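1. Return atomic coordinates for the entry below.
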Amino acid sequence: MSDHPAASAPPPAIPDSESRPFVRDVGDRRSLHFSEQVIQSSMSLLNPDALELEYTRMMMGFVLFNPAPDRIVMVGLGGGSLAKFCHRHLPRSQVEALEINPAVIALRGDFMVPPDDERFRVIACDAAEFLRDASDHADVILLDGFGDQGMPDALCSEAFYADCLRALRDDGLLVINFHVNHPLYHEYLARVRESFGAAMFEVVDDDMTNSIVFACKGDLLDDPASARLRRPEALSKDAWRQLMPTLRVIGATLTLR
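-> From the prediction side, this is the model:
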């Protein structure tokens, strides 16, 4: 049974400190920015559903443990990279993308995010409030909620991670994108551990910029079969081709864990 939180109320106003997102095209690449220096999301105009950034492929590592989740909740829409990939390549999954910034949602067409339908929707809401009211709601939660000021405090508090645990179904997975160089990075890991205990591990990308943390409401991470690379029946060959090099790294990390 799923307690589906209501999301009809308008989201809170965006703080004045948040810059308005903008789109930039360079060659066959389109990117979403909050500032000139930082790319929030990147898309190939030739292959708009592909995952251009390595950390997004790392976040898709949940397919090693659950290749066909019934419901995926994404915190942060951005340019919709993960949302589009899951919508296309995980046809058995319902996808809910939670986005607080209406200016980001307004750009969904620029990034070819599919329209809402029976298994995909973008919800304008405060994700912290949405998940606070959820129980037994999602099989996977992908947490990638960044603005130009970084990850909001409300999305990296001990209370929020406890809400994520409650919002997950049995054996559900929380997958978080952290910035390794953030001064509170180790504190954030400790907060996740407070809720999920030892049922977590992290994978860091090659340039030591992003840390992807997997935390489980159950013991899926202890299954040695997860480290064996094999294409799940539910995953297309194209998706497997894109993800396999990254999944190999995650599998090696699990083996060493």
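2. who does residue 173 bridge with?
-> Note on residue 173: beta-bridge partners residue 140, residue 216, judged by DSSP bridges.
3. Next, find the distance separating residue 89 from residue 239.
-> Computed with Cβ to Cβ, to the nearest Å, the distance linking residue 89 and residue 239 is 4 Å. (C-beta placed from N, C-alpha, C; glycine too.)
4. Go through the protein and flag its longest helix.
-> Identified as the longest helix of the chain according to DSSP state H is helix 237-256.
5. got the buried residues for it?
-> For helix 237-256, a neighbour-count test (16 or more other Cβ atoms under 10 Å) marks 239-240, 242-243, 246-247, 249-251, 253-254 as buried.
6. which other residues reach that helix?
-> 50-51, 54, 57-58, 60-61, 63-64, 85, 88-89, 201, 203, 221, 226-229, 231, 235 (Cβ atoms under 8 Å, 6 or more residues apart in numbering).
7. try stretch 194-209
-> When contacts are defined by Cβ under 8 Å, 6+ apart, stretch 194-209 is touched by residues 54-55, 58, 61, 158, 161-162, 164-165, 174, 178-181, 189, 192-193, 210-219, 221-222, 249-250, 253-254, 257.
8. doesn't residue 70 make contact with residue 137?
-> No. Residue 137 lies out of contact with residue 70 (Cβ atoms under 8 Å); the separation is 10.4 Å.
9. When the two are compared, which one has more neighbours?
-> Neighbour totals were compared for residue 137 and residue 70, and residue 137 leads with 22 against 13 (other Cβ atoms under 10 Å).
10. mean confidence score for stretch 51-58?
-> In this model, stretch 51-58 has a mean pLDDT of 92.
11. and that stretch, how far from the chain's centre?
-> Offset of stretch 51-58 from its chain centre (Cα atoms, centre = their mean, to the nearest Å): 11 Å.
12. these two touch, right, residue 161 and residue 189?
-> No. Using Cβ under 8 Å, residue 161 is not in contact with residue 189, being 10.4 Å away.
13. Which of these two has more residues huddled nearby?
-> Neighbour tally, residue 161 and residue 189, criterion other Cβ under 10 Å: the higher count belongs to residue 161, 23 against 17.
14. which phi and psi does the more buried one have?
-> Dihedral pair for residue 161: phi -70, psi -30, per degrees, to the nearest 10.
15. Just the element for the nearest residue to it once chain neighbours are set aside, please.
-> Nearest residue to residue 161, sequence neighbours excluded (Cβ to Cβ, 6 or more residues apart in numbering): residue 195, at 4.4 Å. Using DSSP states H and E, residue 195 maps to helix 185-196.
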